[in-house]
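Student: with the sequence up front, the predicted model follows.
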Amino acid sequence: MASTMRHYCSSNLIVLLLLLPLQFYSGKSELQLNHYAQSCPRAEEIIKEQVIKLYSKHGNTAVSWVRNLFHDCIVTSCDASLLLETVNGIESEKASQRSFGMRNFKYVNTIKQALESECHSTVSCADIVALSARDGIVMLGGPRIEMKTGRKDCKESYRAVVEDFIPDHNDSISLVLSRFQSIGIDVEGTVALLGSHSVGRVHCVNLVQRIYPTIDPTLDPDYAVYLKRRCPTPDPDPHAVQYARNDNETPMILDNNYYKNLLRHKGLLIVDQQLTSDPLTAPYVEKMAADNAYFHDQFSRAVLLLSENNPLTGDQGEIRKDCRYVNRN
Ligand code: HEM
Ligand SMILES: *[C@@H]1O[C@H](CO)[C@@H](O)[C@H](O)[C@H]1NC(C)=O
């Protein structure tokens with residue numbers, strides 16, 4: 001027995017030694033700080049300039065960049081799959097019900113064009129998704145986050161995975177936690193990421209269940225009145241722009257008011273409000289409501305983990321010329 005074990009171990013070691021050099025040949029590399037230092041020294045500057053410029057014209061672009069990071073990175077990897085259009089019958093992730101309400105995609109192209117005019121085919125759309133979120137977070141009063149770069153773009157969309165994997169507005173917290181855990185984000189980090197719902201809006205289709213036919217008993221009654229005013233019918237036309245703001249007091253600031261609202265029973269989505277009732281998440285809601293700096297620290301940590309989920313690097317993937325389409329060779 002002992003000798004077979006030894007035999008196993010040594011043959012494993014030989015296999016390992018044989019495989020090691022493959023790491024170098026497979027073109028797999030890591031994300032790194034300032035990946036474009038040589039190839040496009042102003043890449044990060046250009047993205048930041050564009051994010052600031054777009055924010056000054058359309059403030060909600062910054063909000064979109066944050067949601068883009070979530071929807072792109074949680075599905076398979078941070079690979080800009082989200083940005084692909086429907087081509088040859090392969091449906092865009094943007095067409096999924098889960099992507100409802102996503103906006104400002106055309107301004108991703110604005111950022112890409114600014115990069116292309118200075119450094120042709122050099123900066124990936126996946127890095128644009130990551131860095132625009134990073135810079136958008138700063139515009140929204142959130143923390144500054146140092147992010148690595150070198151992500152490559154994928155060559156396919158994963159619409160079915162989006163539907164399967166991105167939680168819905170009314171899913172349970174245990175499902176939400178397990179999805180984030182599977183990409184290495186713990187409970188504390190997940191609670192912090194949901195603090196993104198401190199900014200932006202929710203369309204009535206995603207919240208009418210809480211007010212019709214009866215009012216969800218976990219809702220603050222005055223807040224329910226506000227929601228009924230914003231969403232006067234139980235069957236809103238999904239094309240009508242009827243929505244409620246995530247945070248009425250500081251709707252464009254990424255702050256801990258989100259958690260204060262949850263403690264006042266003014267969570268907008270079912271998933272939001274459940275953070276206060278689940279014993280795993282409730283303590284973090286209390287802590288984040290009490291301490292904005294702590295929220296920002298945890299938010300930064302979790303955004304980094306999300307942004308580094310399973311990236312394509314080195315020889316994998318490609319650098320798209322147009323973020324909406326896979327390159328034609
Ligand atoms: C995991 C559970 C999550 C669920 C179920 C969820 C669901 C939703 C829903 C239903 C909306 C409203 C869409 C609409 O009606 O227009 C929304 C908005 C938003 N979500 Fe999430 N989300 C989750 C997590 C996250 C995370 C982790 C982030 C970012 C890191 C994020 C960022 C945003 C942002 C910024 C908005 C506002 C978008 C806008 O106003 O354009 N969400 N989310
Ligand atoms: C969640 O809401 C959708 C509509 O947005 C509905 O089709 C689905 O049945 C709901 N799921 C649960 C678990 O209530």
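Tutor: Now that the structure is in, tell me what you want to look at. Ligands and ions are numbered 1, 2, ... in the order given.

Student: hmm, residue 190 is touching residue 302, no?
Tutor: Yes: when contacts are counted by Cβ atoms under 8 Å, residue 190 is listed as touching residue 302 (7.1 Å). In short, each C-beta sits where N, CA and C put it, glycine included.

Student: separation between residue 199 and ligand 2?
Tutor: 22 Å (Cβ to the nearest ligand atom, to the nearest Å).

Student: if you skip the residues just before and after it, what's nearest to that residue?
Tutor: residue 63 (4.9 Å; Cβ to Cβ, 6 or more residues apart in numbering).

Student: who's in contact with that neighbour?
Tutor: By Cβ atoms under 8 Å, 6 or more residues apart in numbering, the residues touching residue 63 are 136, 140, 199, 200, 252.

Student: need phi/psi at the residue nearest to the spatial centre of the chain.
Tutor: Nearest to the mean C-alpha position of the chain, by Cα atoms, centre = their mean, lies residue 70 at 1.1 Å. The phi and psi values for residue 70, taken as degrees, to the nearest 10, are phi -60, psi -50.

Student: what's the spacing between it and residue 253?
Tutor: Per Cβ to Cβ, to the nearest Å, residue 70 is found 18 Å from residue 253.

Student: coming back round to it: quick one, what contacts the residue nearest to the centre of the chain?
Tutor: Going by Cβ under 8 Å, 6+ apart, residue 70 touches 193, 196, 306.

Student: buried members of these into ChimeraX, please.
Tutor: In ChimeraX syntax, the buried subset of the contacts of residue 70 is picked out as below (16 or more other Cβ atoms under 10 Å):
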select :193,196,306
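
Student: domains of this structure?
Tutor: 2-165, 173-304 (automatic domain parsing).

Student: for residue 325, which of those domains is the nearest?
Tutor: The closest of those to residue 325 is domain 2-165. By Cβ to Cβ, the value is 6.5 Å.

Student: so for that closest one, mean pLDDT?
Tutor: Regarding domain 2-165, the rounded mean pLDDT is 89.

Student: could you check how far it is from the centre of its chain?
Tutor: Put simply, domain 2-165 sits 10 Å off its chain's centre (Cα atoms, centre = their mean, to the nearest Å).

Student: please see if that domain touches ligand 1.
Tutor: Yes: using Cβ under 6 Å from any ligand atom, domain 2-165 comes into contact with ligand 1 via 63, 64, 66, 67, 69, 70, 100, 101, 103.

Student: residue in the stretch 151-300 of the chain nearest to ligand 2?
Tutor: Using Cβ to the nearest ligand atom, the closest approach of the stretch 151-300 of the chain to ligand 2 is made by residue 170 at 3.8 Å.

Student: would you mind measuring from that residue to residue 96?
Tutor: Residue 170 is 16 Å from residue 96, by Cβ to Cβ.

Student: who has more neighbours, these two?
Tutor: Using other Cβ atoms under 10 Å as the criterion, residue 170 and residue 96 rank with residue 96 on top: 22 against 13.
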